[in-house]
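> the amino acid sequence is not available; the structure is as follows:
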């Protein structure tokens, strides 16, 4: 029978429920259990696909094309296992499902209410992954904070679920905050007590408390928390601030979180967790032998979470190369031909980030012109790749004012265009190429050197494509299509022959980078930046 763990949060948001969930899952996986994690988000959007990145950070795309919360990226990076549509559920999706059933008459004329209809639908979604037969343990992270109006139906569903499943089959981990008051020089437990009290009012007794803190919590504080919150002293877990999120599994191992969870779920400990590869990754991450500065050029740079997967992919690739990657965020709106050298001249590589809409696009194009002409390693992702195509068309091939029809519908040279069968769709979510698509890579190219194989799959999230009417012109001028979708003939990767590293991908390679498998294009890009840095210093 599948066992269930629910992770709730109290006191404040952004305590790191996703990282704790992923770390616990990693430890259980390292003990030989099949584990997955799902995220329940309390907002009414059906999914984060239409949210501005400033609202919610990046939108993470799964293999099956679901637009999901960025926490799913952490789950995949830690577990090295793909997630799916079933791993991220929102209030919007729950209500949509219930309303659809009501319209079909499935409730037989009953009054449709939050309890039992909404809570039943939440519980049904909580069970989907467990009932697949694939997993021994399902961890469910509840977004938001206990006490939020939006979270109430989810909390009630957990209460019912736990009661129905039995205490050995479902447990609740509550993540809370132990703030340090500098003026008093003390750690304070009262916020945690109030948070647990709020949970108790909703009928849930947490089994384990994970306490976020800036300072170590001693035995006295643990005893106090245990006494006031009705938990065992050994179930009060310290989660101290770490220098990197990848330290957290080892910190939780030291606190024996995984052992306590297994004992409460009446599961055998199996073998001790094998974390050799994880420790090896951390050792290289913390002891780099070189350093590079890479500029990330985008228009949401004020909020680094908008580019979360890219930053993590750099950490993975940096560790693989034993190199510290210092990412410098550069706003594309601030780049012009006149200041490109001042803005980019000190960098060892430039990544032009994905995005939608016209804001900042000319700055991206100007940045690409500078790195192309000065042989600085370049990596373009999605819109970044499209900007590289536009820049090359304008400045090398002579297609004056070449553009994407996303920005200029009437451009004379639509080198980036929407596929014909997409043009009549008005529903925003319906016009995308989403999820995993195959790609054939040409031998003898930079892309082939990176991947080491001719057939790959990558994840997509975009509407506009390279316009194949111009492909012959581009290839004759030196920009080659090194990756092609075998089914549609669409261009997936472009690169320049006579440049140390100039590669653009129509897909999002950052979404597949994990601790166990850093992405090959990021590895090669970082290696090219290291090479460029060496030449610069000599």
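Ah, there it is. Note that the structure is a prediction, hence the values are computed from the model and not measured.
> and stretch 128-139, average pLDDT?
For stretch 128-139, mean pLDDT rounds to 94.
> contact partners of that stretch?
Here stretch 128-139 makes contact (C-beta atoms under 8 Å, 6 or more residues apart in numbering) with 2-7, 21, 24-25, 28, 33-38, 86-87, 126, 265, 267. Where you see a C-beta, it was placed from the backbone N, CA and C, and this is true even at glycine.
> so how do I select the buried members of those residues in PyMOL?
In PyMOL syntax, the buried subset of the contacts of stretch 128-139 is picked out as below (16 or more other C-beta atoms under 10 Å):
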select buried, resi 2+3+4+5+6+7+21+24+25+28+33+35+36+37+38+87+126+265+267
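> residue with max distance from the center of the chain?
The C-alpha centroid of the chain is most remote from residue 109, which lies 41.9 Å away (C-alpha atoms, centre = their mean).
> if I look at it, how far off is residue 115?
Between residue 109 and residue 115 the computed distance is 18 Å (C-beta to C-beta, to the nearest Å).
> for residue 472, same thing?
63 Å.
> then residue 75?
29 Å.
> repeat that for residue 162.
With the distance defined as C-beta to C-beta, residue 162 ends up 15 Å from residue 115.
> more crowded one of those two?
More crowded of residue 162 and residue 115, by other C-beta atoms under 10 Å: residue 162, with 20 against 11.
> burial count for residue 276?
Considering only other C-beta under 10 Å, residue 276 is surrounded by 9 other residues.
> wouldn't residue 518 be in contact with residue 320 here?
Yes - counting by C-beta atoms under 8 Å, residue 518 does reach residue 320; the two are 4.7 Å apart.
> low-confidence ranges in this structure?
Scanning the chain for pLDDT under 70 picks out 419-431.
> one more time with 50, if that's ok
Low-confidence segments of the chain, defined by pLDDT under 50: 428-429.
> which helix is the longest one in this structure?
For the chain, the helix that runs over the most residues, judged by DSSP state H, is helix 520-537.
> for it, which positions count as buried?
For helix 520-537, the buried set under the neighbour-count rule, 16+ other C-beta under 10 Å, comprises 520-533.
> now stretch 325-333
Those would be 325, 327, 329, 330, 332, for stretch 325-333 by 16+ other C-beta under 10 Å.
> how about stretch 93-109?
Buried positions in stretch 93-109, judged by neighbour count with 16+ other C-beta under 10 Å: 93, 94, 95, 97, 98.
> over to stretch 374-383?
Along stretch 374-383, these residues count as buried under the neighbour rule (16+ other C-beta under 10 Å): 376, 377, 378, 379, 380, 381, 382, 383.
> filter those down to just the ones in strands.
Judged by DSSP state E, those include 378, 379, 380, 381 as members of strands.
> ranges for the helices of the stretch 1-150 of the chain?
17-30, 53-56, 71-79, 91-103, 119-128 (DSSP state H, counting those that start in this stretch).
> now residue 294. Nearest residue, chain neighbours left out?
Excluding its sequence neighbours, the residue lying closest to residue 294 (C-beta to C-beta, 6 or more residues apart in numbering) is residue 349, at 4.4 Å.
> okay, now that neighbour: neighbour count?
By other C-beta under 10 Å, the residues close to residue 349 number 28.
> three-state assignment of residue 210?
strand (DSSP: H, G, I helix; E, B strand; the rest coil).
> what's the first-to-last distance across stretch 143-157?
The straight-line separation of the ends of stretch 143-157 (C-alpha to C-alpha, to the nearest Å) is 14 Å.
> now it, how far from the centre of its chain.
Relative to its chain's centre, stretch 143-157 lies at 23 Å (C-alpha atoms, centre = their mean, to the nearest Å).
> try stretch 149-165
For stretch 149-165, the distance to the chain centre is 26 Å (C-alpha atoms, centre = their mean).
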